[in-house]
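J.: coordinates only, no sequence provided:
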């Protein structure tokens, strides 16, 4: 099948490359540890020219062979590659943000091959405490395209920095960030809680749900700064084993995240029911969030797949990059 | 003046030793980096015996010369030295805990010199989420003795693990722990927030208070997992400089701690006014907490001094260790 688009999901620590076919289907994919903070540093020839630029080297590693085989193929990229520390800064677009608005704001960087890389801008919400995303906006757009019937929903992107994006009529209208994943790692690796923990051979659902329930309980009102200490004291008193502690802490933090989120939603929405939720993320993380959302009373939760590839495809299509191809995706 | 007591405040990372006189006044003091997690490891002779035990070596470093000069002097110690990883475990005493209860539960370990070291037990509160302290109970007792008129007060011990101890009629009746100090360090050293921070040449009060206000604001209801990200976004949007970020984050976390604490107090106390607060800690940290408590509406806040020495003195006195001395402290 004829390749139509090279789509790059280029973040801080990794670079995922997709070769997409006529309807946006994935013909080939690869993942490299070439995020913008760990670019290749060994100079070499690229397209006949001596090249020292890490972005050029990574780009060539990721899809040089695809470009050789498809010389006229368009290229689109999202993620931290468009940040101030990226290959070319693609300034944030403000909320409300939509597919048309983002697709007309792609920044172009021309590689040494002469190929234009179209970089998707991130999104900023300029509230009292501003909020930003880069990469997640593309995933949200990918999901919206395949869930066109949804007018009012909340899209959750759990991760190092979880995002919760409120969508109305195809627009990203508001979002919040929680540093849950990164704080979980910092707590387990760099505080006293890590000293008594042992990795669990498998996901300990009971320990995880216990943490969620504590976060939602009256004790949880003291917040994570306080409840985290219970991982230690429940251990000291023989009520939580070393292997249960990591999943308990994970449940505590995710529970606090969702408790705060659902409290804010109920305040904003009054009598309206809680919105439908679509989760985008790794299956392991989405399983945790599904369990915790269930405990929090969210009844409509579904999972999205191929959100990034689909988002990049539809952005490229809306930007006219696919104009000579069959557009049905 | 005649030395009456050697008092040791022996924690995880440090060992503070006090030589106390007839009324509990400090005749001499020293501080060693010999906490129970970093004991000396070079064997040597102690009191004529070959000695390899780190606790013995640290004890000799801390007060061997004082013991040589005062052979019959009693010795008392508090802190992590009484934990399961300490010199001798002094099992926790349950709340409500008082001077008489703790002073009759000292654990004795006999050193190679033949000197008995009396170790103060920690305190445990066996609620749904248990809470523990070791060392802070001694500081609280030291403060209570010099504030005998206070019947209902809250004693705050800010630090790596801040403790808030509710005192009634001379008893420790309830306490909460917040891992604020340790989480502050983990966040600044081991998350993305640290990457854009620069140390401030001096305490930036305005940045600190801004953080406190955010924690107490409507935005703060999303909790620290969410508000912490604002240190990054306010930086990205030019509203918070690199040198302002550490004190802003400090204000955020302390603000969340005090917001949760005051919410819980108001729930427990109903119409009763907020209690008087006494802070025990380093002057830098107490200054931050005083500022933040003021923002939170606590009007009666005072600072305690020499809490540990005084607590150890009164515990020794209550235990009868000073029976042959002039007891007036």
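T.: Looks like it arrived, so ask away. Keep in mind it's a predicted model, so treat the numbers as computed, not measured.
J.: and residue A:6, which of the three is it?
T.: strand (DSSP: H, G, I helix; E, B strand; the rest coil).
J.: check the gap between it and chain B for me.
T.: Per CB to the nearest CB, to the nearest Å, residue A:6 is found 29 Å from chain B. Every residue, glycine included, has its C-beta placed from N, CA and C.
J.: can you pull up the bridge partners for that residue?
T.: residue A:19, residue A:75 (DSSP bridges).
J.: hey, where'd the helices end up in chain A?
T.: Here chain A has its helices, by DSSP state H, at A:54-69, A:99-103, A:136-146, A:180-190, A:192-195, A:205-216, A:224-227, A:229-236, A:245-269, A:283-295, A:307-318.
J.: adding distance to chain B and mean pLDDT, write these out as a markdown table.
T.: Supplementary listing: the helices of chain A in a markdown table, determined by distance: least, CB to the nearest CB, whole Å; pLDDT from 0 to 100:
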| stretch | distance to chain B | mean pLDDT |
| --- | --- | --- |
| helix A:54-69 | 18 | 97 |
| helix A:99-103 | 19 | 97 |
| helix A:136-146 | 13 | 94 |
| helix A:180-190 | 4 | 97 |
| helix A:192-195 | 7 | 94 |
| helix A:205-216 | 7 | 98 |
| helix A:224-227 | 4 | 98 |
| helix A:229-236 | 4 | 97 |
| helix A:245-269 | 5 | 96 |
| helix A:283-295 | 13 | 97 |
| helix A:307-318 | 21 | 97 |
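J.: out of the ones you listed, flag the one nearest residue A:88.
T.: helix A:54-69 (8.7 Å; CB to CB).
J.: of the helices of chain A, which is nearest residue A:161?
T.: Residue A:161 sits nearest to helix A:180-190 of all these, at 6.4 Å, using CB to CB.
J.: just the residues contacting the closest one, thanks.
T.: A:158-162, A:193-194, A:197, A:228, A:246, A:249-250, A:253-254, A:257, A:285, B:183, B:185-187, B:189-192, B:225, B:228 (CB atoms under 8 Å, 6 or more residues apart in numbering or on different chains).
J.: let me see the contact set for the closest residue in space to residue A:118 that isn't next to it in sequence.
T.: In this structure, residue A:118 finds its nearest non-sequential neighbour in residue A:106, 4.2 Å apart by CB to CB, 6 or more residues apart in numbering or on different chains. Each residue near residue A:106 by CB under 8 Å, 6+ apart is listed here: A:76, A:90, A:118-121, A:315, A:319.
J.: how near is residue A:106 to chain B?
T.: According to CB to the nearest CB, residue A:106 stands 21 Å off from chain B.
J.: tell me the pLDDT of that residue.
T.: In this model, residue A:106 is scored at 98, pLDDT.
J.: any idea how far it lies from residue A:155?
T.: 22 Å (CB to CB, to the nearest Å).
J.: equivalent analysis for residue A:230, please.
T.: Counting by CB to CB, the gap from residue A:230 to residue A:155 is 31 Å.
J.: try residue A:171
T.: Distance from residue A:171 to residue A:155, by CB to CB: 12 Å.
J.: go on, residue A:40?
T.: 33 Å.
J.: comparing these two, which shows the higher neighbour count?
T.: residue A:155 (26 against 19; other CB atoms under 10 Å in any protein chain shown).
J.: surely the more buried one and residue A:276 touch.
T.: No: contact criterion CB atoms under 8 Å: residue A:155 and residue A:276 do not qualify, at 9.7 Å.
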